[in-house]
Every structure is written in structure tokens, then in C-alpha cells.
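> the following block contains a protein sequence and its predicted model.
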Amino acid sequence: MWELQTPKVIVNGRGSIQNINSMMSRFEITRPLVVIDREVKLTEFGDVFSRLMNEYPCLLFSEFSTNPTTSQINCCLHNYDLSLCDGVISIGGGSAIDLAKAVNLVISHGGTIEDYLNGKTINGKLKPCIAVPTTCGAGAESSPYAVITDTAFLKKRGISSPYLVPDAVLLDADSLNSLSRLMIAATGIDSLTHVLESHISKKATPLTRISSRGLLLSFGLFLEQAIFKKNEAALENLHDIAFTARLLYPRTGLSVAHALSHPVGAHTNLHHGMAVALFLITSLRFNKSYCAEAFDEAEEVLGLKRRKLSLLDWIARIINESGITSYLVQHISKSKLPLEIIAEDSLRSSNIASNPRPVDKYDMLNIITESLEQLQR
Ligand SMILES: [Fe+2]
């Protein structure tokens, strides 16, 4: 049995950022902490947001990386007087939204972020939180998780609680206007991976498969259009799919591509979508024979059989032609990775329990090595 936690209010559509002030009054936010991605701040969308926030005494925080860390959270907590803060607004990708969730947790219930990473229970509501996602893939705006790199141990760790789901989400595809092709591809591939891994998961149910089939159909229609043509309607669809996909996978878990992406992100600060793309093909190949029916169905629903393409070839084409492979070649190499530690850490991921195929350290080392070798071909 499972239950679905969703934001209380979802405002969807281009221009929905204009509703930020009414959402603030609805949730009685007058002095927010605003966690905003520093690149988003420089865009036209960021300007619109700043103008809308002009009248409010905001505390702005942008000093965080693509993989938010405990040090950055502590920096926000120590350098700002958050005692009068009555709500949190996050605007950016998964890093901004996850960091905002973590800070909100500490200012709402006390303790330190390390306490919660070590299992401190979250017993009640947080201060009201509004999320404005600005990528095609994180989905953190609809998830009950915050994923944080623990600086002391160089490990990505998750905090999970229904209270971490933001109260309101503004899904405004105008936020994507300045996103580069590379970032559309990296975040889009992350979102596709959420749905694929959910669809082949050992924990998938008839109900979750109804959702994942629909989402895969949408990826087949819109992913390439969004990445290669920057088609506005396709981008808007991808933005909405990311939100919907994250409602789904807390019920099913993910698989080895995500299990490996977190330790690699912690050790290299590689963008999460890039880390997932690095392992996606090899991990799907590893799992294929253990989830043959769901794998076959994914190819059908994505429309690949009609196009006489295999799932792995389709993904490889997108990863190569969007520039992800070139990015990975420049930013990652075997020598930068502590392979044994990454393999061991990945096996502690909760996603191992939902992976279709049993997996051990030897398998993980093979998947890492094959994924890195694939970059050289
Ligand atoms: Fe992801």
C-alpha cells in the first residue's frame, strides 16, 4: 500500500510566476528566504521574479553548487538572521529546491542539517514553501526528498519526509527560455531516467505503470523536439512531465543509474543529470534481461519500434548529439574517480532494492568501467 503526497497548490502555464504574490498571501509569507540559482537570477525570468518581489523584505541566497552541500546549508543558516523568516521560496533546478528544503527543515524544527541526515525524525509541518522549477528534469518541486552532499564524508545523502513536499509550485515554462541545449538534454535525460527506472522497477505496480506508460509516450513525442529544436510546446511538456514523474517514483524506487549517480556527484560535483546520463545506457543493458517485458513495452510506448530504433540506440543518439558525451569527456575520467568507494557507496542506495537485477560490488565496478569506456568510443 502507498499514498501519494502532492503540493497543495499547483499553478501551471506560461506566466504563472505572476501568481507568486498571491501564493505568498495564501500561505502567509511576508518575509521569505529566497533560494535562487545565480544563473536564473541573471535571466529575463529572474528579472520578472525580482520585480514581483520588490516590495518584500527578502533574504536572497545563491551561494550553492550544482550538488548542494551541508557546508552551504550551514553557511546560509549562520550568515543570515532567519529568526523572522516566515517562509521559503526556491527558484532554480533541483539544487536550489533541495537546499531550500534542507534550510527550511532546520529553521522550522531546530537541530542541525547533520542531525536530519543521521535520521532525526521530522514530526510536523515546515514553514510554508513555494517552489519554482526552472529546468526540464529535477522534479524536486514535487518530491518528498532533499538530496544533500555531506561535506565531512563526501557522500550524497537523502532526507525523506512527506513534510518536505513544497506547499505550492509554480510551473512556468517561461523559465526555460534561457536554458541551453546541453542543460535541456541533461535535465530531460534525468527525467526520462526517473520514468524508465520506475517502469522497470521491481516495485512497479499496475497503478504506477499506468502513469509511467503515459509519461513515456510523452517523452517519445517531446524529448527530441525540446532538445534539438527548442520547440516551445515540447519544452513546456517536458517541464510538466518532470513534475509528474517525481510524484511517481517515490512509490517504485529507481535503479543502478541513480544509485551510481549520487556518489559520483559527491566526489566530482558533476551535474546530477550528467551523472545519470553517464550510467544510463550501461545500467539499462545490465538490467534488460531481468525486466524484458517492461523494457519491450517502454520501446513500444516511446514509439521506437515504429522508428526501428532500440531504446539503447535512441538514448545513445540523444546523449551524443546533444553534447552530453563531449561534456562528460571533458569533465570526467577514470583517474578522477575513486572507483572502489563509489561502487561501495552506490550499494547503500535505497534504489538497489528496486533494481530489477540483483547487483553486487563487482557488477557496479563493471558498470562504472563500461560507462567510462563508452565515452572513448
Ligand atoms: Fe534524478
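Noted; the coordinates are in hand. Nothing here was measured: the structure is a model prediction, and the numbers come from that model.
> which stretches of the stretch 101-250 of the chain form strands?
Ranges of strands in the stretch 101-250 of the chain, per DSSP state E, counting those that start in this stretch, are 129-133, 145-150, 155-160, 168-171.
> go through those strands and pick out the most buried.
strand 129-133 (a mean of 28; mean count of other Cβ atoms under 10 Å). Placement of C-beta: from N, CA and C, glycine included.
> so, low pLDDT: which residues of the stretch 151-300 of the chain?
Along the stretch 151-300 of the chain, no part satisfies pLDDT under 70.
> show me where it has its helices.
Secondary structure of the stretch 151-300 of the chain (DSSP state H, counting those that start in this stretch): helices at 181-200, 206-229, 232-252, 256-268, 272-287, 292-301.
> centre of the chain to the second one, how far?
Just to be clear, that refers to helix 206-229. 16 Å (Cα atoms, centre = their mean, to the nearest Å).
> so which helix or strand takes in the residue lying farthest from the centre of the chain?
In the chain, counting by Cα atoms, centre = their mean, Glu55 sits farthest out from the average C-alpha position, at 31.2 Å. Using DSSP states H and E, Glu55 sits within no helix or strand.
> isn't Ile315 up against Leu280?
Yes: counting by Cβ atoms under 8 Å, Leu280 is a contact partner of Ile315 at 6.1 Å.
> hey, what's in contact with both of these two?
Ile189 (Cβ atoms under 8 Å, 6 or more residues apart in numbering).
> so between these two, which is more surrounded?
Leu280 (28 against 22; other Cβ atoms under 10 Å).
> gap between the more buried one and Ile241?
According to Cβ to Cβ, to the nearest Å, Leu280 and Ile241 sit 17 Å apart.
> what of Gly303?
Taken as Cβ to Cβ, the span from Gly303 to Ile241 is 15 Å.
> and those two? Which one has more around it.
Just comparing Gly303 and Ile241: by other Cβ under 10 Å the higher neighbour count belongs to Ile241, 26 against 15.
> list the contacts of the more buried one.
Contacts of Ile241 (Cβ under 8 Å, 6+ apart): 191, 195, 215, 218-219, 222.
> need the contact list for the residue most central in space within the chain.
Centroid-nearest residue in the chain, with Cα atoms, centre = their mean: Ala138, separated by 2.7 Å. Applying Cβ under 8 Å, 6+ apart to Ala138 gives the contacts 93-94, 97, 187, 190-191, 242, 246, 272.
> any chance of these in TSV, with distance to Cys129 too?
Compiled in TSV, these are given as follows (distance: Cβ to Cβ, whole Å):
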residue	distance to Cys129
Gly93	16
Gly94	15
Ile97	9
Thr187	21
Asp190	22
Ser191	21
Ala242	18
Arg246	15
His272	21
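> out of those, which is most surrounded?
Ranking the contacts of Ala138 using other Cβ under 10 Å puts Ile97 first, with 32 neighbours.
> let me know the pLDDT of that residue.
Note for Ile97: predicted pLDDT of 96.
> quick check: nearest residue in space to it, chain neighbours excluded?
Leaving aside its sequence neighbours, Ile97 sits nearest to Ala140 (Cβ to Cβ, 6 or more residues apart in numbering; 3.9 Å).
> chain center to stretch 316-335: distance?
The answer for stretch 316-335 is 19 Å, by Cα atoms, centre = their mean.
> kindly report the same for stretch 327-342.
21 Å.
> list the buried residues for it?
327-328, 332, 337, 342 (16 or more other Cβ atoms under 10 Å).
> that's all I had, so thanks and see you.
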